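J.: My questions concern the predicted model and sequence given below.
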Amino acid sequence: MTTKCHECAEEFEYFEPDPNMGLNKYLFIPRYCESCFDKQTEKVRQDIIIAKKEKLENDFWNEVPKELFHDTSIGRLNAIIVSTINSWKHGPKGLGMMGKSG
Ligand SMILES: [Zn+2]
C-alpha cells in the first residue's frame, strides 16, 4: 500500500498488516515516510533532552531551602555559579552552594 507523508507530502510504501490478524488496518497507516519519521524521532529526542535539562534546572532552584535563600534573585548571583548549577547533572557527585543570600 502507499500513503502520503504528512511532512514532505511524498508518496511512500508501507507494510499493511495481515487482515486475518483482526487489526484495524487504518491504525497502521504511518504518518511519515522513513526519512521524516527519523527526523521526527530526533526532534522528539531533542525535546526530551531539553525538557530534562529544564527540569533539572527547575528542580535545583525549587529544592533550595526557601528559608535560606527566599530573598535570593538568580539574576544577582555570580553568572559562573548559576551556569555551573544549571549544567549540573544528577549523579554520585553532589552539588553544594554556600554564601549569603542576595
Ligand atoms: Zn516525508
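T.: Perfect, I can see it now.
J.: Could I get the full set of strands for this structure?
T.: Assigned by DSSP state E, the chain shows strands spanning 2-4, 11-13.
J.: so which of those gets nearest residue 43?
T.: Among the strands of the chain, strand 11-13 comes nearest to residue 43, with 19.0 Å by Cβ to Cβ. Where you see a C-beta, it was placed from the backbone N, CA and C, and this is true even at glycine.
J.: So what's the model's average confidence on the closest one?
T.: On average, the pLDDT along strand 11-13 is 94.
J.: quick one: strands adjacent to it?
T.: When pairing is defined by DSSP bridges, strand 11-13 lines up against strand 2-4 (antiparallel).
J.: Around the ion, pick out the residues from this structure.
T.: 5, 7, 8, 33, 36 (Cβ under 5 Å from the ion).
J.: May I ask which two of those are separated the most?
T.: Across the residues of the chain next to the ion (Cβ to Cβ), the longest gap, 7.4 Å, separates 7 and 33.
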